[in-house]
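# Need a 3D model of the following:
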Amino acid sequence: MPIALQALEFAYWTLWCTGMHNSKKSVAAIQLASGSNVSANLLETARLTEAAAKQGAQLVVLPENFAFIGRHCKDTNALREAPNDGPLQSFLSQLATRLGIWIVGGTIPLEADHAAKWRAACTVYDAEGRQVGRYDKQHLFDVNLVESDEQFVESETIEPGDRVLVLNSPVGRLGISVCYDLRFPELFRAMVDRGVEVIALPAAFTAITGRAHWETLVRARAIENLAYMIAAAQGGFHVASRETYGHSVIVDPWGTKLAERERGNGCVVAEIDPEFQQTTRRNFPCLDHRRLHCR
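Numbering: from 1, shown residues only. You can find the predicted model right below:
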């Protein structure tokens with residue numbers, strides 16, 4: 001999008017949501033330990049999302065791979081859907097409609113150019129069940145973890161995305177990222193150039209990398225961008241003895257943890273306070289002091 005159009009969109013958004021910035025909004029992160037039974041995973045996702053809605057959450061973020069974690073990464077290909085057509089997308093749309101909330105739908109496998117691969121797509125639904133945004137995970141987890149003798153090569157089965165997504169939402173300008181994206185601050189700086197205020201992060205950090213880096217990275221992204229972070233994680237044991245770290249957390253623009261769930265299934269709910277964010281950005285204007293910009 002040309003810079004002039006970006007500025008125009010952001011100016012319009014600022015005028016449109018002037019009233020919103022005088023009130024707090026509740027958001028939630030869902031934590032799961034998903035397995036290979038899709039029906040069971042969806043039932044648990046619906047139960048916890050409903051619990052978050054009952055606590056007042058107007059926007060709920062699901063974890064990465066909420067619907068399925070199999071023995072092998074390639075197993076996910078069996079669930080691959082066409083864009084805007086498939087049971088997982090219908091599930092998310094109907095859940096958002098039934099509860100009257102926005103849902104950031106973790107990740108689901110959508111068709112890629114390569115028949116044996118998929119896009120790890122995070123689809124966003126408004127309170128009427130309309131898909132209003134889609135972000136495809138850009139950074140793929142190709143690493144060797146010597147401590148646990150684990151190897152991950154997401155690039156063998158996942159086709160990366162190449163677009164930044166920031167969209168208007170009831171809780172502010174909402175940016176979307178997924179798991180390993182967290183380690184690449186340039187993505188989040190590109191969101192800042194698009195007016196981001198709140199960042200959703202569906203994730204499935206391993207137990208080892210989570211213990212070492214999860215909290216540090218989530219809080220760093222919040223602090224350096226003066227943005228709220230809603231980090232929804234997988235947290236527990238999965239098939240093939242895989243363990244994820246959990247610690248789903250909501251962090252404010254000053255880096256303060258507002259709510260956290262360390263282990264097990266559940267939801268964390270906290271308030272987004274636009275006035276606090278505006279005051280923080282005004283009194284500590286580090287975003288205005290930038291000398292380098294991402295485009």
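
# and the strand or helix carrying F188, average pLDDT?
Using DSSP states H and E, F188 falls within helix 185-192. What helix 185-192 shows for mean pLDDT is 97.

# and it, which residues are buried?
187-192 (16 or more other C-beta atoms under 10 Å). Glycine gets a C-beta too; all of them are placed from N, C-alpha and C.

# Would you mark the buried spots in stretch 222-229?
Buried residues in stretch 222-229 (16+ other C-beta under 10 Å): 222-229.

# and the two most separated of those residues?
Taking C-beta to C-beta as the measure, the buried residues of stretch 222-229 span a maximum distance of 13.1 Å, between E224 and Y228.

# follow-up on the earlier one: T157: which of the buried residues of stretch 222-229 is nearest?
Nearest member of those to T157, counting by C-beta to C-beta, is M229, at 27.5 Å.

# you'd agree that closest one is up against E215?
No - the criterion here is C-beta atoms under 8 Å, and M229 misses it with E215 at 10.7 Å.

# Could you pull out the residues contacting both of the two?
V249 (C-beta atoms under 8 Å, 6 or more residues apart in numbering).

# dump the residue contacts of the residue lying closest to I108 once chain neighbours are set aside.
Of all residues not flanking I108 in the chain, L88 sits nearest, at 4.5 Å (C-beta to C-beta, 6 or more residues apart in numbering). By C-beta under 8 Å, 6+ apart, the residues touching L88 are 67, 79, 81, 108.

# Next step: those restricted to strands.
Judged by DSSP state E, those include I108 as members of strands.

# any idea how far I230 lies from Q94?
22 Å (C-beta to C-beta, to the nearest Å).

# re the thing from before, and the helix holding F188, what does it pack against?
helix 215-225 (3 or more C-beta pairs under 8 Å, 6 or more residues apart in numbering; DSSP states H and E).

# Compute the inter-axis angle for the helix or strand that the helix it packs on is followed by and helix 215-225.
Per DSSP H and E, the first helix or strand lying C-terminal to helix 215-225 is strand 228-233. Angle, strand 228-233 to helix 215-225, by axes from the mean of the first three to the mean of the last three C-alpha atoms, to 10 degrees: 160 degrees.

# Give me the next element, helix or strand, following the lowest-mean-pLDDT helix or strand in the chain.
Here the helix or strand of the chain ranked lowest by mean pLDDT, DSSP states H and E is helix 3-16, holding a mean of 49. Remark: after helix 3-16, the chain's next helix or strand is strand 25-31, criterion DSSP H and E.

# Now do the helix holding F188: distance to the chain's middle.
Put simply, helix 185-192 sits 14 Å off its chain's centre (C-alpha atoms, centre = their mean, to the nearest Å).

# any idea which helix or strand comes after it?
strand 198-203.

# Can you tell me the strand partners of that following strand and which way each runs?
Strand partners for strand 198-203, identified by DSSP bridges, are recorded as strand 172-176 (parallel), strand 228-233 (parallel).

# Mind checking the pLDDT average for that strand?
Rounded mean pLDDT across strand 198-203 is 98.

# pretty sure L62 is touching E44, no?
No - using C-beta under 8 Å, L62 makes no contact with E44, being 10.8 Å away.

# Can you pull the residues that touch both of the two?
By C-beta under 8 Å, 6+ apart, the residues touching both L62 and E44 are L32.

# Comparing these two, which shows the higher neighbour count?
Under the neighbour definition other C-beta atoms under 10 Å, L62 and E44 were set side by side, and L62 has more, 28 against 18.
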